[in-house]
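Q: Have a look at this fold, sequence not included:
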């Protein structure tokens, strides 16, 4: 089996790389942005047509949510236009396309976990770009795969966990919002799930799925658990979303209901604290 992975320098891309050596039955090919700029449609078609791949996992994305409000063209080019073209090319070449999407496609006022069928209501440039990509990908072929996730972090790349540790070590007072509720997701768990799904011999893996770690918390709770586990004394203060004043809107409640993927793939999903502790144990070696 041959699997292509875009965005190899990102959090999820690097976690997939960590798993590659454990799966000699899969021929992984990892591409950084310099290897494969997914906005270059000719380059994409050349790589795909010559690869004879079975799957492509598109982890490449524009994730600077606030900057997207300033640079909508760049955001849309990477998050919407490129995946749209990739999906069409994969359909032409009989390659299964896996797109990573986001809880941001929802703007939920009801405090209930969000199933795949919950009506979308994206707010902001980033959210709209991810939502439009979903629509175009599924319209291209119902056999494509979209995995929505939330609050992704890893021992690799830039993310909330590493930012909190660096801020705490600087001694600065840290303000974190306490009125946005969701589910943190360890990218290593998501990578494991994707590989298991690709290898599954008995399940029809297609359509839209949700995957995040079990449980829910606020960003403030998330930060507090980081400091508590690492035994870091930090000046952590709660703040409202309105007072924080971010440029782009954020979902107020975006806990994902992962029942579908648990039932279809017969997988167990770790609690967010359990996975966070594993990630922090890895990070202890570098901080």
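A: Now that the structure is in, tell me what you want to look at. Small disclaimer: the values here were computed from a predicted structure and weren't measured.
Q: hang on, residue 242 in a helix?
A: Yes. Under DSSP: H, G, I helix; E, B strand; the rest coil, residue 242 sits within a helix.
Q: Just give me the neighbour total for it.
A: 9 (other C-beta atoms under 10 Å). C-beta coordinates here come from the backbone N, C-alpha and C atoms, glycine included.
Q: What number of residues are in the vicinity of residue 99?
A: Using other C-beta under 10 Å, residue 99 is surrounded by 25 other residues.
Q: Can you name the residues in contact with stretch 240-252?
A: Residues outside stretch 240-252 that contact it (C-beta atoms under 8 Å, 6 or more residues apart in numbering) are 65-66, 68-70, 103-104, 106-109, 123-127, 175, 177-182.
Q: list the buried ones in it?
A: 248, 249, 250, 251, 252 (16 or more other C-beta atoms under 10 Å).
Q: Looking at the contacts of stretch 240-252, which are in strands?
A: Assignment to strands by DSSP state E places the following of these there: 175, 177, 181, 182.
Q: what's residue 184 in contact with, if anything?
A: So residue 184 contacts 150, 151, 153, 212, 213, 217, 222, 272, 275, 276 (C-beta under 8 Å, 6+ apart).
Q: Give me the distance between the last one and residue 217.
A: I take that to be residue 276. Counting by C-beta to C-beta, to the nearest Å, the separation of residue 276 from residue 217 is 10 Å.
Q: Could you name every residue contacting both of those two?
A: Taking C-beta under 8 Å, 6+ apart as the criterion, residue 276 and residue 217 both touch 184, 225.
Q: Tell me which stretches of this structure form strands.
A: Under DSSP E, the chain gives strands at 2-6, 27-30, 55-58, 96-102, 145-149, 152-153, 174-177, 181-182, 185-186, 207-210, 217-218, 236-239.
Q: now the helices for the stretch 1-150 of the chain?
A: Assigned by DSSP state H, counting those that start in this stretch, the stretch 1-150 of the chain shows helices spanning 11-20, 41-51, 65-70, 72-76, 82-93, 125-140.
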